[in-house]
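> for reference, the sequence and a predicted model appear below.
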Amino acid sequence: MSNPPAKNDILYVFDSASDQLVFQGQLRHRDLHLMAEAAGVGEQWVTARQANRVIVVETTSGRFQVITAIAVADKPDGLALSPDGVRAFVAHRGQAVTGDPFALTGTQPGFSVISTASRKVLGHVPLDGDIHGLAVRRR
(Lines give C-alpha, C1' and ligand atoms only; values in the text may rest on other atoms or scores of the structure.)
Protein backbone atom coordinates (compact mmCIF):
# COMPACT_ATOMS: atom_id res chain seq x y z
CA MET A 1 0.00 0.00 0.00
CA SER A 2 1.47 3.34 -1.02
CA ASN A 3 1.11 6.65 0.76
CA PRO A 4 -1.10 9.32 -0.85
CA PRO A 5 0.82 12.15 -2.51
CA ALA A 6 1.79 14.99 -0.21
CA LYS A 7 -0.18 18.21 -0.48
CA ASN A 8 2.11 21.00 -1.57
CA ASP A 9 -0.39 23.81 -1.41
CA ILE A 10 -0.98 23.90 2.36
CA LEU A 11 0.06 26.93 4.41
CA TYR A 12 0.94 26.22 8.03
CA VAL A 13 1.27 29.10 10.52
CA PHE A 14 2.81 28.60 13.95
CA ASP A 15 2.88 30.88 16.99
CA SER A 16 6.59 31.15 17.81
CA ALA A 17 5.87 32.05 21.45
CA SER A 18 3.84 28.90 22.14
CA ASP A 19 5.08 26.62 19.33
CA GLN A 20 1.43 25.93 18.52
CA LEU A 21 -0.13 25.53 15.09
CA VAL A 22 -2.55 28.46 14.73
CA PHE A 23 -3.60 28.03 11.10
CA GLN A 24 -3.58 25.37 8.44
CA GLY A 25 -5.21 26.07 5.10
CA GLN A 26 -5.06 25.20 1.44
CA LEU A 27 -4.03 28.11 -0.79
CA ARG A 28 -4.93 26.30 -4.04
CA HIS A 29 -1.66 27.25 -5.73
CA ARG A 30 0.66 24.36 -6.51
CA ASP A 31 4.09 23.83 -4.99
CA LEU A 32 4.35 26.52 -2.32
CA HIS A 33 8.03 26.98 -1.74
CA LEU A 34 9.67 29.98 -0.05
CA MET A 35 8.20 32.93 1.75
CA ALA A 36 9.08 36.34 3.11
CA GLU A 37 7.22 38.54 5.57
CA ALA A 38 6.44 42.08 4.53
CA ALA A 39 7.17 43.72 7.87
CA GLY A 40 4.69 46.25 9.17
CA VAL A 41 1.98 45.61 6.57
CA GLY A 42 0.63 42.23 7.66
CA GLU A 43 1.53 40.27 4.54
CA GLN A 44 3.34 37.03 3.77
CA TRP A 45 4.69 36.61 0.22
CA VAL A 46 5.00 33.01 -1.00
CA THR A 47 6.35 31.51 -4.22
CA ALA A 48 4.19 28.86 -5.92
CA ARG A 49 6.60 27.11 -8.27
CA GLN A 50 4.24 24.99 -10.37
CA ALA A 51 1.66 27.78 -10.60
CA ASN A 52 4.26 30.39 -11.70
CA ARG A 53 2.84 32.83 -9.18
CA VAL A 54 3.81 34.81 -6.12
CA ILE A 55 0.98 34.60 -3.61
CA VAL A 56 0.36 37.47 -1.18
CA VAL A 57 -1.42 36.40 2.02
CA GLU A 58 -2.79 38.77 4.67
CA THR A 59 -1.68 37.91 8.19
CA THR A 60 -3.48 40.38 10.47
CA SER A 61 -6.98 38.87 10.62
CA GLY A 62 -5.91 35.37 11.63
CA ARG A 63 -7.70 33.95 8.56
CA PHE A 64 -4.63 34.14 6.28
CA GLN A 65 -6.58 34.85 3.10
CA VAL A 66 -4.97 35.28 -0.30
CA ILE A 67 -4.90 38.96 -1.28
CA THR A 68 -3.57 38.36 -4.78
CA ALA A 69 -1.63 35.95 -6.96
CA ILE A 70 0.97 37.68 -9.15
CA ALA A 71 1.93 35.95 -12.41
CA VAL A 72 5.72 35.73 -12.84
CA ALA A 73 8.20 33.98 -15.14
CA ASP A 74 8.26 30.21 -14.87
CA LYS A 75 9.44 28.21 -11.85
CA PRO A 76 9.74 30.92 -9.15
CA ASP A 77 11.89 29.63 -6.31
CA GLY A 78 13.60 31.98 -3.88
CA LEU A 79 12.04 35.19 -2.62
CA ALA A 80 13.40 38.23 -0.79
CA LEU A 81 11.99 41.66 0.00
CA SER A 82 14.05 44.82 -0.10
CA PRO A 83 14.90 46.22 3.35
CA ASP A 84 12.48 49.12 2.77
CA GLY A 85 9.72 46.74 1.61
CA VAL A 86 9.27 48.53 -1.73
CA ARG A 87 10.38 45.65 -3.98
CA ALA A 88 10.10 41.87 -4.01
CA PHE A 89 12.81 39.89 -5.78
CA VAL A 90 11.93 36.42 -7.06
CA ALA A 91 14.53 33.91 -8.26
CA HIS A 92 13.55 31.64 -11.17
CA ARG A 93 14.92 28.17 -11.79
CA GLY A 94 16.88 27.31 -14.92
CA GLN A 95 17.91 23.98 -16.39
CA ALA A 96 18.40 21.49 -13.54
CA VAL A 97 22.05 20.41 -13.36
CA THR A 98 21.77 17.51 -10.93
CA GLY A 99 20.81 14.86 -13.45
CA ASP A 100 17.80 14.00 -11.29
CA PRO A 101 14.89 13.29 -13.68
CA PHE A 102 12.47 14.72 -11.11
CA ALA A 103 14.35 17.98 -10.58
CA LEU A 104 12.34 21.09 -11.32
CA THR A 105 13.54 22.81 -14.49
CA GLY A 106 12.63 26.27 -15.71
CA THR A 107 13.17 28.03 -19.01
CA GLN A 108 13.81 31.62 -17.81
CA PRO A 109 16.57 31.57 -15.16
CA GLY A 110 17.19 34.86 -13.41
CA PHE A 111 15.03 36.99 -11.18
CA SER A 112 11.92 39.13 -11.37
CA VAL A 113 11.42 42.44 -9.62
CA ILE A 114 7.93 43.24 -8.28
CA SER A 115 6.58 46.50 -6.88
CA THR A 116 5.01 45.57 -3.53
CA ALA A 117 2.65 48.56 -3.70
CA SER A 118 1.24 47.98 -7.19
CA ARG A 119 1.74 44.18 -7.24
CA LYS A 120 3.14 44.55 -10.76
CA VAL A 121 6.21 42.84 -12.20
CA LEU A 122 8.64 45.62 -13.07
CA GLY A 123 11.03 43.42 -15.01
CA HIS A 124 12.96 40.18 -15.32
CA VAL A 125 16.76 40.01 -15.17
CA PRO A 126 18.00 36.94 -17.07
CA LEU A 127 20.91 34.96 -15.61
CA ASP A 128 22.62 31.73 -16.59
CA GLY A 129 22.38 28.67 -14.39
CA ASP A 130 19.85 27.15 -12.05
CA ILE A 131 18.93 29.93 -9.62
CA HIS A 132 17.56 28.67 -6.28
CA GLY A 133 17.55 31.75 -4.09
CA LEU A 134 18.70 35.28 -3.51
CA ALA A 135 19.27 37.80 -0.78
CA VAL A 136 18.82 41.56 -0.68
CA ARG A 137 20.84 43.92 1.47
CA ARG A 138 21.17 47.60 2.18
CA ARG A 139 23.93 49.49 0.49
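Now that the structure is in, tell me what you want to look at.

> nearest residue to Val57 in space, please, no chain neighbours.
Gln44 (4.6 Å; Cβ to Cβ, 6 or more residues apart in numbering). Just so you know, the C-beta spots here come from the backbone N, C-alpha and C atoms, and that holds for glycine as well.

> that neighbour is in what secondary structure piece?
strand 43-48 (DSSP states H and E).

> so what strands line up beside that strand?
According to DSSP bridges, strand 43-48 forms sheet pairs with strand 32-38 (antiparallel), strand 53-58 (antiparallel).

> count of neighbours near Leu122?
Number of residues near Leu122 (other Cβ atoms under 10 Å) recorded here: 11.

> could you check how far the strand holding Gln44 is from the centre of its chain?
Taking the mean of its C-alpha atoms, strand 43-48 sits 5 Å from the chain's own mean (Cα atoms, centre = their mean, to the nearest Å).

> and the contacts of it?
9, 11, 27, 29-38, 53-59, 64, 67, 69, 76-79, 81, 88, 90 (Cβ atoms under 8 Å, 6 or more residues apart in numbering).

> in the sheet, who's paired with the residue nearest in space to the middle of the chain?
Centroid-nearest residue in the chain, with Cα atoms, centre = their mean: Thr47, separated by 1.7 Å. Beta-bridge pairing of Thr47 under DSSP bridges involves Val54.

> where do the strands of this structure begin and end?
Using DSSP state E, the strands of the chain run over residues 10-15, 20-26, 32-38, 43-48, 53-58, 66-71, 76-81, 87-92, 110-115, 121-126.

> show me the one of these that comes nearest Gly133.
Nearest of these to Gly133, taken as Cβ to Cβ: strand 76-81 at 3.2 Å.

> who touches that closest one?
For strand 76-81, using Cβ under 8 Å, 6+ apart, the contacting residues are 33-38, 45-49, 52-54, 87-93, 104, 112, 116, 131-136.

> before we move on, the earlier item: most tightly packed of the strands paired with strand 43-48?
Mean neighbour count (mean count of other Cβ atoms under 10 Å) peaks for strand 53-58 among these, with a mean of 21.
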